[in-house]
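Peer 1: Sequence and computational prediction follow.
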Amino acid sequence: MKEEFVFAGFGGQGVMFAGQLLAYAAMDEGLEVTWMPSYGPEMRGGTAHCYVIISSKPIGSPLVSRPKTAVVFNVPSFDRYAPLVAPGGLLAYNESLIDRQPQRQDIAALPVPASALADTLGDLRLMNVVMLGALLAARPVLPLGALRRALEQHMPQRRRKMLAQNLAALERGAAYAADLAPA
């Protein structure tokens, strides 16, 4: 098994945290992992993306040119990464902020109103974890419980007061994507 992801959006949207959380969860499950962040010229408000590779075998390179899955949080990231998703891959995007749909027929699309769902939880900053929950419901490369444990074990101390909200966001995203699946 080898899965390649790109997470992309503006700095401050939690792009790096989402990718890092997925990487921690996979590592805690005993899988091989790489996490490679990249920031634009500004940390907050500039572009940011990270690549995550999860594999059952050693990973030769952290570079990803055609990710199997792209998780994008804003329009510039949608425009940049939608064309790069490998055929048969998945494009998960925050439809609260992205007003278009992918034109490709060879990939699956997962539109998630992540900002709106996060807002119902009382904090727009939870959008990234909503997206992560939806992603794992649509492409279960790890059990949702692995992400719960990663949140509990790896959330920075300064953010611990938001643990319950993040767990709720993970569940909300997963429930949303599960409701989209055909019965």
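Peer 2: Looks like it came in fine. Predicted, not measured: the structure shown is a model, and the values here were computed from it.
Peer 1: Against which helices or strands is the lengthiest helix in the chain packed?
Peer 2: The longest helix of the chain (DSSP state H) is helix 163-180. Packing partners of helix 163-180 (3 or more C-beta pairs under 8 Å, 6 or more residues apart in numbering; DSSP states H and E): strand 108-112, helix 114-120, helix 127-138, helix 144-154. C-betas here are computed from N, CA, C, even on glycine.
Peer 1: quick one: low-confidence parts of the protein?
Peer 2: 40-46, 181-183 (pLDDT under 70).
Peer 1: any idea which residue sits dead centre in it?
Peer 2: Geometric centre of the chain, nearest residue: residue 132, 4.4 Å, by C-alpha atoms, centre = their mean.
Peer 1: Does that one touch residue 21 like I think?
Peer 2: Yes: if you go by C-beta atoms under 8 Å, residue 132 and residue 21 touch, sitting 6.5 Å apart.
Peer 1: where do the contact lists of those two overlap?
Peer 2: Counting by C-beta atoms under 8 Å, 6 or more residues apart in numbering, the shared contacts of residue 132 and residue 21 are residue 147.
Peer 1: rewinding a little: contacts for the longest helix of the chain, please.
Peer 2: 110, 112-114, 117-118, 120-123, 126-127, 129-138, 144, 147-148, 151-152, 155.
Peer 1: Which members of those are classed as buried?
Peer 2: Buried members of the contacts of helix 163-180, scored by 16 or more other C-beta atoms under 10 Å, are 110, 112-114, 117-118, 121, 126-127, 129-138, 144, 147-148, 151, 155.
Peer 1: Which positions in the longest helix of the chain come out as buried?
Peer 2: Residues of helix 163-180 classed as buried: 165-174, 176-177 (neighbour count, 16+ other C-beta under 10 Å).
Peer 1: what do you get for stretch 7-27?
Peer 2: Across stretch 7-27, burial judged by 16+ other C-beta under 10 Å covers 7-11, 13-27.
Peer 1: For residue 92, which three-state class applies?
Peer 2: Secondary structure, DSSP: H, G, I helix; E, B strand; the rest coil: residue 92 is strand.
Peer 1: so it bridges to which residues?
Peer 2: Beta-bridge pairing of residue 92 under DSSP bridges involves residue 71, residue 110.
Peer 1: For it, which residues are in contact?
Peer 2: Applying C-beta under 8 Å, 6+ apart, the residues near residue 92 are 69-72, 109-110, 112, 131, 134-135, 138.
Peer 1: out of those, who's nearest residue 99?
Peer 2: Among the contacts of residue 92, residue 72 lies closest to residue 99 (C-beta to C-beta), at 12.9 Å.
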